[in-house]
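Chemist: how would this look folded up:
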Amino acid sequence: MKRIAKLSILATTLLIILTPVFTLLVWFNWNELFGNKRPLEALHSLYELELKGDEISAMKNINNDTEFLVEGDDPTPFFTLLEEHGYSIIKGKSLLVQKGNSLYPVTINKFQTHYSVINVSKEVSLDIIGK
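Modeler: From the prediction side, this is the model:
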């Protein structure tokens, strides 16, 4: 019985010590761990891609900009979504989308190892999402 009490006291002490240490490590390394992504938003987007089987998922970053997450390096599902909303894709030195006389830049960045994040302007994001 004494051994169980000693082990439980040791475990509680370690938990009390390690929780603030871990919290401080995450706090000070937030940018290296998550970049400008919100962890819960990213997790929800990954859930939509992997478990629900969606081809594209929208998430917000820390600046409240809407970003689109696709699986792999192929942004084809995003381009299909843009074309459904009346945008045309212009490929040149940089990737642009056009609707009417307006041109909007598109940037594609890697997220983790198997995903790509697509950034477009706020006007295009709001038009696609429908808000």
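Chemist: What part of the protein, helix or strand, is modelled with the least confidence?
Modeler: When each helix and strand of the chain is scored by mean pLDDT, DSSP states H and E, helix 30-34 comes last, with a mean of 72.
Chemist: average pLDDT across the helix or strand hosting residue 27?
Modeler: Using DSSP states H and E, residue 27 sits within helix 2-28. Helix 2-28 carries an average pLDDT of 89.
Chemist: For the residue nearest the centre of the chain, list the residues it contacts.
Modeler: Centroid-nearest residue in the chain: residue 42, 3.8 Å away (criterion: Cα atoms, centre = their mean). The contact partners of residue 42, by Cβ atoms under 8 Å, 6 or more residues apart in numbering, come to 34, 59, 69, 111. For the C-beta atoms, the positions are set from N, CA and C on the backbone; glycine is no exception.
Chemist: So the last one sits against residue 69, correct?
Modeler: To tie it back to what came earlier, the one meant is residue 111. Yes: when contacts are counted by Cβ atoms under 8 Å, residue 111 is listed as touching residue 69 (6.5 Å).
Chemist: Find residues that contact each of these two.
Modeler: 42, 117.
Chemist: Dump stretch 77-87 to CSV, keeping only the CA atoms.
Modeler: Below are the C-alpha coordinates for stretch 77-87, written out as CSV (Å, rounded to 0.1, in the frame of the first residue of the first chain):
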residue,chain,number,x,y,z
PRO,A,77,-10.0,20.7,-56.8
PHE,A,78,-9.5,24.4,-55.9
PHE,A,79,-9.3,25.4,-59.5
THR,A,80,-12.5,23.5,-60.3
LEU,A,81,-14.2,25.3,-57.4
LEU,A,82,-13.0,28.7,-58.8
GLU,A,83,-14.3,27.8,-62.3
GLU,A,84,-17.7,26.9,-60.9
HIS,A,85,-17.8,30.4,-59.4
GLY,A,86,-17.0,32.1,-62.7
TYR,A,87,-13.2,32.6,-62.3
